[in-house]
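Visitor: okay, sequence plus prediction incoming.
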Amino acid sequence: MRRRARWSLRRRLVLAVVGLLAAASIVIGAISVLALQGFLMDRLDGQLTAATGRSEGGFGPLGPGQTTPPVDTNLRIQQIVSRQGPGTVIAVVSDNKVAIAALKDQTGTYQVLSNAQSSVLLAASTVSKPTTVSLPNGLGDYRVAVTQFSSGVQIVTGLPLSEVQAVLLQLAAVIAGVTAIGLVVAAVVGIFIVRVALRPLQRVVATATHVAELPLDRGEVALAVRVPESDSDPSTEVGQVGAAINRMLGHVASALTARQASENKVRQFVADASHELRTPLASIRGYAELTRRGNHELPDDVVHSIGRVESEATRMTSLVEDLLLLARLDEGRDLDSAPLDVSRLLIDAVSDAHAAGPDHEWSLDLPDEPVMIDGDSARLHQVIANLLANARVHTPAATSVVVGLAVEGETAVVTVADDGPGIAEDVKPVLFERFARGDSSRSRAAGSTGLGLAIVSAVIEGHHGTVSVESEPGSTVFRLELPLALLQS
């Protein structure tokens, strides 16, 4: 299942404000409706008391010897109804039966209620306090009260609740409409206010993003980017974040400066040491070669030792030259720029590799047209030679090595592919670092210094290009991308 996306702070703040406003509006609306309902019901009960009194008086004065009003349905109901307002219901109950129940309509005449409606009023006659009943057949809710005579005769008087319910419904509709409009306005205004309030945080994020995009892993870095002072006021929450980021950037800048100073010292030491070692190594090689070529009768073990001295001096000289080249490349020096035909460069490099490794199968895949770039011919030849030597040394005999060239957009792409054993996964991340070597799958039998691919990376980056590698058992492909010459692109 996909993880549900988290809500942004802006959305949570706006929804929280709107939610609180909605809850407050609902509570206020409910209290308002209930308060008005209580007021209207009290007023209706007052009107019901007056209507009950009119119902009692509708029976007229008692005759001689009468203790309860006679139940003369037609005459008495007519007298009662004539004293009530339109919409009033009257029921005369005697011996737990409804003698008659009627409703005064808008024309002033009365209509006899049905048995179902009369049954509801009969049930209400047992309640001593005003109560609410619902009359079937469309009459709706009524508020009814009972008048009890000593003889057991009861008069049930009821007033309609339709006006009260209409007022309450109208109030609820008004409150709902005003609440909806208020919530929409609150959401729009809230979004604007939150957006304005979070602008300092956005500027802090922009600063952090800009720093994250800076190349901090190498070279001299002037980390002068800071959160503006207006957004780093510690008296505000966002300002505290900005101030913390500024302190962090200050520590990072100090660390980068210390790191760069240390790297500069190391590079200067390597450059100076390499430069100083060239002369004694050249002398050692010269004297060893002179001794080996002289007409001296030397024991075999001495001849062998002198040969080893000359061989190791040659290897050490190569290492010193590589270190010196890397030191110069780190300083941005030692690269020329001139028009260069990459096809001719690859042909020459593969020819040299074929002579050095005849036990491998070498082939070229070149386009029909020349591919021109601006670059340093000697250094790029060294790059290709290093890649071909890498393929030759670290793969067994009969391995096929294919050197390809293609144009992709405004980029010249050089590939060196072999079908050897591949590169170990744990070596790939550090393959282009200095003194990095592969494991047993790519042998160290040739005494590699581990600087060849570091030189490849440094030279290609000096030409504003990129180098990458893809490898698995049976296929290793180094890919170089270099910008084309301006005239060709």
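Guide: Looks like it came in fine.
Visitor: where do the helices sit along the stretch 1-150 of the chain?
Guide: Listed in chain order, the helices found in the stretch 1-150 of the chain under DSSP state H, counting those that start in this stretch are 9-57, 73-82, 115-124.
Visitor: state the mean pLDDT of the second one.
Guide: Pointing back at helix 73-82 there. Mean per-residue pLDDT for helix 73-82: 68.
Visitor: please shift the residue numbers so they start at 49 in all later answers.
Guide: Got it, first residue is 49 now, which makes that one helix 121-130.
Visitor: quick revisit: out of the helices of the stretch 49-198 of the chain, flag the one nearest residue 518.
Guide: helix 57-105 (41.7 Å; C-beta to C-beta). (C-beta placed from N, C-alpha, C; glycine too.)
Visitor: scan the helices and strands of the protein for the one with the lowest mean pLDDT.
Guide: The weakest-scoring helix or strand in the chain, judged by mean pLDDT, DSSP states H and E, is helix 121-130 (a mean of 68).
Visitor: number of nearby residues for the nearest residue to residue 443 once chain neighbours are set aside?
Guide: Using C-beta to C-beta, 6 or more residues apart in numbering and skipping residues adjacent in sequence, the residue nearest residue 443 is residue 468, 3.2 Å away. For residue 468, the count of nearby residues is 22 (other C-beta atoms under 10 Å).
Visitor: surely residue 468 is in a strand?
Guide: No. Residue 468 is assigned coil when assessed by DSSP: H, G, I helix; E, B strand; the rest coil, not a strand.
Visitor: these two touch, right, it and residue 445?
Guide: No. Assessed by C-beta atoms under 8 Å, residue 468 is found out of contact with residue 445, at 10.6 Å.
Visitor: helix or strand right after the longest helix anywhere in the chain?
Guide: With secondary structure taken from DSSP state H, the chain has its longest helix at helix 285-341. Downstream of helix 285-341, the first helix or strand assigned by DSSP states H and E is helix 348-378.
Visitor: next, the angle from that next one to helix 285-341.
Guide: 150 degrees (axes from the mean of the first three to the mean of the last three C-alpha atoms, to 10 degrees).
Visitor: what's helix 348-378 packed up against?
Guide: Counting contacts by 3 or more C-beta pairs under 8 Å, 6 or more residues apart in numbering; DSSP states H and E, helix 348-378 is packed against helix 285-341, helix 500-510.
Visitor: report the distance from stretch 435-453 to the chain centre.
Guide: 45 Å (C-alpha atoms, centre = their mean, to the nearest Å).
Visitor: surely residue 65 touches residue 239?
Guide: No. Contact criterion C-beta under 8 Å: residue 65 and residue 239 do not qualify, at 9.7 Å.
Visitor: tell me the spacing between residue 364 and residue 358.
Guide: 11 Å (C-beta to C-beta, to the nearest Å).
Visitor: weakest of the helices of the stretch 49-198 of the chain by average pLDDT?
Guide: Lowest mean pLDDT within the helices of the stretch 49-198 of the chain: helix 121-130, a mean of 68.
Visitor: neighbours around residue 286, how many?
Guide: Neighbour count for residue 286, taken as other C-beta under 10 Å: 19.
Visitor: repeat for the one 5 residues further on
Guide: One way to gauge burial is a neighbour count; for residue 291, by other C-beta under 10 Å, it gives 18.
Visitor: need the pLDDT of it.
Guide: At residue 291, pLDDT is 89.
Visitor: in contact with the nearest residue to it once chain neighbours are set aside, which residues?
Guide: Nearest residue to residue 291 in three dimensions, chain neighbours excluded: residue 280, at 4.4 Å (C-beta to C-beta, 6+ apart). Contact partners of residue 280, counting by C-beta atoms under 8 Å, 6 or more residues apart in numbering, are 274, 287, 290-291, 293-294.
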